[in-house]
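Student: Just a sequence and a predicted model for now, questions to come.
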Amino acid sequence: MNKEFDVIILGAGAAGLMTALTAAKRQKRVLVLEKSNKEGKKILMSGGGKSNFTNLYVEAENFLSENPHFCKSALNRFTPDDFIRMVEEHQIDYEQKKHQQLFCINSSKDILNMLLSECADSGVEILTNADTKRVNKLTNEENKIYYEVVTHLDAKKLAKKASFQCDSLVIATGALSIPSLGGSGFGYELAKEFNLTLIPRRASLVPFMFSDEIKGLCEKLSGLSVMTRISTNGTNFLESMLFTHRGLSGPVILQISNYWNPGDEININLWPDNDLSEIFFNEKNNNPKTTIKKKLNSYLPKALVTELEDFYWPNEKNLTLAEISNERILKITNFLNNWTLKPAATEGYRTAEVTLGGVNTDLINSKTMETKEHPGLFFVGEVLDVTGHLGGYNFQWAWASGYSAGLVV
Ligand SMILES: Cc1cc2nc3c(=O)[nH]c(=O)nc-3n(C[C@H](O)[C@H](O)[C@H](O)COP(=O)(O)OP(=O)(O)OC[C@H]3O[C@@H](n4cnc5c(N)ncnc54)[C@H](O)[C@@H]3O)c2cc1C
């Protein structure tokens, strides 16, 4: 096999494959080295097997980064429309779901097959079971910088060391979440070797766990879903919340986990966008014989109301509204509009969809993803300190950053 390439890409995930096909269409000789036995494992698992591959509404506000402006240039260069065009050219059936999220109708395999066939058609070579161990930056006789990549190739379980050379090296090794799907810290280690700094990382888009009595409550309600508005640190989301055996999950929890730091409280509004005290005082006037439970059952799942009342207002459980003091009504309704909980932890990288933080973008060119101090060395995708909201944003970042690098490598 040829050992010299214009471009070598580490990682055959979303960002790596997009970089590869974009560069190869420019007649570059491209090699992709993938550590695991298959390309695009996260693409296959995404969106519950249907891949939420982009979102019709993508703005810089949908991303978190120490430098909130960094993502703008790439997101403008390759937009959701550009990806949708590819999807349509490949005749992939897709549908728009809530919050402008686009999903495959059949399977996320369609997205991976599309990327792989574009790579194959433009001559990209891909090696799986290729675990890169070392990267060296070298200079040739004409003083030209090039990179040497030392990789262990598992050819029929016979691990062999091979070294490849390239003018441009693209790090698309993703992040730490879900090691079984390829999550790896390799990109961060390499960044440190090349004197790039890291923004602290933690698991995100991830469920919360509780260790106090709330864990028991969640366990009892496991499987139940309810629409809530949840806030922490000045940000809030309105979406459904799911009780689990360990704590809380569902889209609203995953979204807010991007903004939650260990030790923070979350505030859950169980009757969103309504002042419950006003609703209950009106009810007390108009229908004094009703109970808290009856009123709450008109909006919240019965099982939740039963558990909450045993937990938080057992003394008022069998009283009519007329028998409950206004002070207590105010207290209970305030609680329902602002249920304050302190998660013990998140479920961590085992189940997190993404890693928050990553390679500091200060030393990366936002138009090309090239490192400013090492010509020819690029970082794309989730390894960078750019994290999207839930809803197709993380893939759009992978496509856009990969495309931007692919145009210049
Ligand atoms: C279960 C799950 C569901 C998700 N669903 C969605 C969704 O519906 N929509 C959305 O927008 N986002 C979703 N995401 C997030 C999205 O998958 C990631 O943000 C995206 O895949 C990041 O792309 P990437 O190319 O940077 O990294 P990855 O896709 O993770 O690819 C990195 C690749 O690098 C390989 N690698 C690692 N180390 C090495 C090494 N040393 N040498 C060679 N290769 C290496 C890995 O095996 C992997 O194949 C989901 C994530 C998970 C875990």
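Tutor: Perfect, I can see it now.
Student: Return the residues in contact with the closest residue to the ligand within the chain.
Tutor: Proximity of the chain to the ligand (C-beta to the nearest ligand atom) peaks at Gly13, 1.9 Å away. Every C-beta, even on glycine, is put in place using the N, C-alpha and C of the backbone. Gly13 makes contact with Glu39, Gly40, Lys41, Lys42, Ile43, Ala172, Thr173, Gly174, Gly182, Gly381, Ala398 under the criterion C-beta atoms under 8 Å, 6 or more residues apart in numbering.
Student: ok, and the closest non-adjacent residue to the fourth one?
Tutor: In this case it means Lys42. Excluding its sequence neighbours, the residue lying closest to Lys42 (C-beta to C-beta, 6 or more residues apart in numbering) is Leu181, at 5.0 Å.
Student: Go ahead and confirm the one you found touches Lys41.
Tutor: Yes. Counting by C-beta atoms under 8 Å, Lys41 is a contact partner of Leu181 at 4.4 Å.
Student: Measure how buried the residue nearest to Lys42 is and give me the count.
Tutor: For Leu181, the count of nearby residues is 17 (other C-beta atoms under 10 Å).
Student: so the residue lying closest to Leu224 once chain neighbours are set aside bridges to which residues?
Tutor: With C-beta to C-beta, 6+ apart as the criterion, Leu224 has its nearest non-adjacent residue at 4.9 Å, and that residue is Phe243. Here Phe243 sits in beta bridges with Leu248, as judged by DSSP bridges.
Student: Please give me every residue in contact with Phe243.
Tutor: Phe243 neighbours (C-beta under 8 Å, 6+ apart): Leu217, Cys218, Leu221, Ser222, Gly223, Leu224, Ser225.
Student: now the helices for this structure?
Tutor: With helices called from DSSP state H, the chain shows them at 14-24, 41-45, 72-77, 80-89, 109-121, 186-193, 213-220, 251-257, 276-286, 292-297, 302-312, 326-337, 393-406.
Student: Kindly reformat those as JSON lines containing mean pLDDT.
Tutor: As requested, the helices of the chain are exported to JSON lines (pLDDT from 0 to 100):
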{"stretch": "helix 14-24", "mean pLDDT": "98"}
{"stretch": "helix 41-45", "mean pLDDT": "97"}
{"stretch": "helix 72-77", "mean pLDDT": "98"}
{"stretch": "helix 80-89", "mean pLDDT": "98"}
{"stretch": "helix 109-121", "mean pLDDT": "98"}
{"stretch": "helix 186-193", "mean pLDDT": "96"}
{"stretch": "helix 213-220", "mean pLDDT": "95"}
{"stretch": "helix 251-257", "mean pLDDT": "98"}
{"stretch": "helix 276-286", "mean pLDDT": "94"}
{"stretch": "helix 292-297", "mean pLDDT": "94"}
{"stretch": "helix 302-312", "mean pLDDT": "94"}
{"stretch": "helix 326-337", "mean pLDDT": "96"}
{"stretch": "helix 393-406", "mean pLDDT": "98"}
